[in-house]
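Trainee: Curious how this folds, go ahead:
(4 chains)
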Protein chains: 2
Amino acid sequence: MSRPPSLTGTGFVSALPETVRRDLLARGQVRVFQKGQIIQQRGDRAQEFWYIESGSVQIGRYAIDGRLTLFTLLGAGDTFGELAFMGEFTRTVDAIAGTRCTLIRIGDRELQSLIESDAAVTRLLLKTMALTVQDALNLIESSRNLSVPQRLAQTLLQLCGNQGDGAEILVTQQDLADLIGVSRVSLGKALSGLESAGSVERGYGSVLVQDVAALRDLLDR
Amino acid sequence: MSRPPSLTGTGFVSALPETVRRDLLARGQVRVFQKGQIIQQRGDRAQEFWYIESGSVQIGRYAIDGRLTLFTLLGAGDTFGELAFMGEFTRTVDAIAGTRCTLIRIGDRELQSLIESDAAVTRLLLKTMALTVQDALNLIESSRNLSVPQRLAQTLLQLCGNQGDGAEILVTQQDLADLIGVSRVSLGKALSGLESAGSVERGYGSVLVQDVAALRDLLDR
DNA sequence: GTGTAAATGCTAACTAGTTTTCAATTGAGA
DNA sequence: TCTCAATTGAAAACTAGTTAGCATTTACAC
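Mentor: Residues are numbered from 1 along each chain as shown, chains lettered A, B, ... in the order given. A predicted model of the protein is given here:
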């Protein structure tokens, strides 16, 4: 009945060859975080990256005034935290457990030896990072040129991934609003519009996607 | 009197060791593009990347309806086009000569052999790509949380780089608007506001930055 | 069951942006 | 020097978003 939200395949780990991946994950330490718990914070030194085994993680920035800029919601199979490591800077985003989640912590030494062991791994890293840049550019383009209902449709489509009609997305309206970058009021209006059209159904802490095709349709205009 | 606009150090080439860089550039072919000429287009196969010797290049997406989403303006010393190559996909952005410019075209084989010759190069590539992602995230955060005057100030600061007061930025108001993602009218108002405050002076196809400190000040609120 | 915090629904007043239109100015080339 | 296209300035009407506030509903812990 419930599926973890997941944006892009932000996981180079999932793209690794089966044996390499198993080996890497086996070297990591399992950590469990409770909902709302901080996993990493801006400014932290980057000494590890994380693989999400189960649950969801919010990636964004919490401003001092309480404003939240959500960049993405990650789910099982996704990876995060490798960016600061690659860039050799401190954490530039906060990561917070969106639900209770099980992560696997992989230390910098493990990553380093993985990189050195196989040139293909580096190639894969470069590739997934290039994809991340593309995602970011797409996000910028969308936010500039699409209306809120369109961006909502787009985001919902991403969140339900390859599941068809009937997918239940476990996310609050506030989180959706922070993800899209609008107020909760605007998001509520857009959601209610989609519901009137029969494309989705609003729940408490969830959105039921009922007509994927209709959402796609909305984007072509 | 005129300096090419340049955003971030989107140039891993400039970060290469002197000798390696010279060698790489020597292997490339010099190409001159006239103002407005298309350098690369969405969908093109990525068989090369470019180093900007002089002039400026606009990186963005031209929509069918004529709308332009500018992601960045690049200047001398910057590099572009390596992303699609790394990601192994076709071009996802258009590149257009902002002024008459001299570029050096570096083929995929050159890049490939550069990567294979030295692990440090790959490391550098990863690092600059991580920085690109950061830039994109910062852009998203700015567009969500800052007002137009603030984003304008931020953009002007980036465009004048490390030049102090008195820097002349050669860019039209339309380009600035496309870069920030607002209409020309809004941009004009913001510019006029900054001019009233004495921070900048409007020109024809240019903006004169007169008080860098004042612009920085605007961002802290 | 009951109390409580979280999440949602809704309204109203407001504001920052947009689109449209037209005139004035500038610079570059014949 | 004259012409023309590009750029800028400015006004008006409009629209999509915001903030603020409060009532209602839901789920969960006790």
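Trainee: When you work out contacts or count neighbours from here on, use the C-alpha atoms and nothing else.
Mentor: OK.
Trainee: Work out the gap between the lengthiest helix in chain A and the centre of the chain.
Mentor: Taking DSSP state H as the criterion, chain A has its longest helix at helix A:119-145. Mean-position distance between helix A:119-145 and its chain equals 13 Å (C-alpha atoms, centre = their mean, to the nearest Å).
Trainee: same thing with stretch A:66-83?
Mentor: For stretch A:66-83, the distance to the chain centre is 5 Å (C-alpha atoms, centre = their mean).
Trainee: Give the buried residues for that stretch.
Mentor: For stretch A:66-83, a neighbour-count test (16 or more other C-alpha atoms under 10 Å in any protein chain shown) marks A:68-83 as buried.
Trainee: mind checking the end-to-end distance for that stretch?
Mentor: Start and end residues of stretch A:66-83 are separated by 25 Å (C-alpha to C-alpha, to the nearest Å).
Trainee: same check, this time on stretch A:91-103
Mentor: Stretch A:91-103 has an end-to-end distance of 18 Å (criterion: C-alpha to C-alpha).
Trainee: which other residues reach that stretch?
Mentor: Stretch A:91-103 is contacted from outside by A:30-46, A:50-62, A:81, A:84, B:134, using C-alpha atoms under 8 Å, 6 or more residues apart in numbering or on different chains.
Trainee: Give me the nearest residue to residue A:14, chain neighbours excluded.
Mentor: Closest residue in space to residue A:14, ignoring its immediate chain neighbours: residue A:77 at 6.1 Å, by C-alpha to C-alpha, 6 or more residues apart in numbering or on different chains.
Trainee: wait, is the one you found part of a strand?
Mentor: No: counting by DSSP: H, G, I helix; E, B strand; the rest coil, residue A:77 is located in no strand; its state is coil.
Trainee: check contacts around it.
Mentor: So residue A:77 contacts A:11, A:13-14, A:51-54 (C-alpha under 8 Å, 6+ apart).
Trainee: and with 7 Å instead?
Mentor: Residue A:77 sits next to A:11, A:14, A:51-53 when contact means C-alpha atoms under 7 Å, 6 or more residues apart in numbering or on different chains.
Trainee: most neighbours, which of the residues you listed?
Mentor: Greatest neighbour count in these, by other C-alpha atoms under 10 Å in any protein chain shown, goes to residue A:51: 25 neighbours.
Trainee: residue contacts, residue A:47?
Mentor: Each residue near residue A:47 by C-alpha under 7 Å, 6+ apart is listed here: A:107-108.
Trainee: That one and residue A:84, how far apart?
Mentor: Distance, residue A:47 to residue A:84, using C-alpha to C-alpha: 9 Å.
Trainee: Residue A:76 too?
Mentor: On the measure of C-alpha to C-alpha, residue A:76 and residue A:84 end up 21 Å apart.
Trainee: again, but for residue A:15
Mentor: Going from residue A:15 to residue A:84 by C-alpha to C-alpha gives 20 Å.
Trainee: Kindly report the same for residue A:19.
Mentor: Distance of residue A:19 to residue A:84, given as C-alpha to C-alpha: 26 Å.
Trainee: Looking at the two, which is more packed in?
Mentor: Using other C-alpha under 10 Å, the more surrounded residue of residue A:19 and residue A:84 is residue A:84, with 23 against 8.
Trainee: correct me, but the more buried one touches residue A:44?
Mentor: No: with contact defined as C-alpha atoms under 7 Å, residue A:84 does not reach residue A:44; the gap is 9.7 Å.
Trainee: Check the contact lists of these two and give me the overlap.
Mentor: Common neighbours of residue A:84 and residue A:44 (criterion: C-alpha under 7 Å, 6+ apart): A:90-91.
Trainee: where along chain A do the strands fall?
Mentor: For chain A, the strands defined by DSSP state E occupy A:29-33, A:38-40, A:48-54, A:57-62, A:68-74, A:79-80, A:94-97, A:101-107, A:167-169, A:200-202, A:207-209.
Trainee: who does the fourth one pair up with?
Mentor: Looking at strand A:57-62 with DSSP bridges, its partner strands are strand A:68-74 (antiparallel), strand A:94-97 (antiparallel).
Trainee: got TSV for the strands of chain A, with distance to DNA strand D and mean pLDDT too?
Mentor: Converted to TSV, the strands of chain A look like this (distance: least, C-alpha to the nearest atom of the strand, whole Å; pLDDT from 0 to 100):
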stretch	distance to DNA strand D	mean pLDDT
strand A:29-33	15	94
strand A:38-40	19	94
strand A:48-54	18	93
strand A:57-62	14	94
strand A:68-74	11	95
strand A:79-80	27	94
strand A:94-97	16	94
strand A:101-107	15	95
strand A:167-169	13	93
strand A:200-202	10	95
strand A:207-209	12	95
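Trainee: Would you mind giving those as TSV with distance to DNA strand C added?
Mentor: Listed next are the strands of chain A as TSV, based on distance: least, C-alpha to the nearest atom of the strand, whole Å:
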stretch	distance to DNA strand C
strand A:29-33	16
strand A:38-40	16
strand A:48-54	19
strand A:57-62	13
strand A:68-74	13
strand A:79-80	23
strand A:94-97	12
strand A:101-107	16
strand A:167-169	10
strand A:200-202	5
strand A:207-209	8
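Trainee: I'd like the ones you listed laid out as a markdown table, including distance to residue B:147.
Mentor: Converted to a markdown table, the strands of chain A look like this (distance: least, C-alpha to C-alpha, whole Å):
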| stretch | distance to residue B:147 |
| --- | --- |
| strand A:29-33 | 36 |
| strand A:38-40 | 29 |
| strand A:48-54 | 34 |
| strand A:57-62 | 18 |
| strand A:68-74 | 15 |
| strand A:79-80 | 30 |
| strand A:94-97 | 23 |
| strand A:101-107 | 36 |
| strand A:167-169 | 32 |
| strand A:200-202 | 32 |
| strand A:207-209 | 31 |
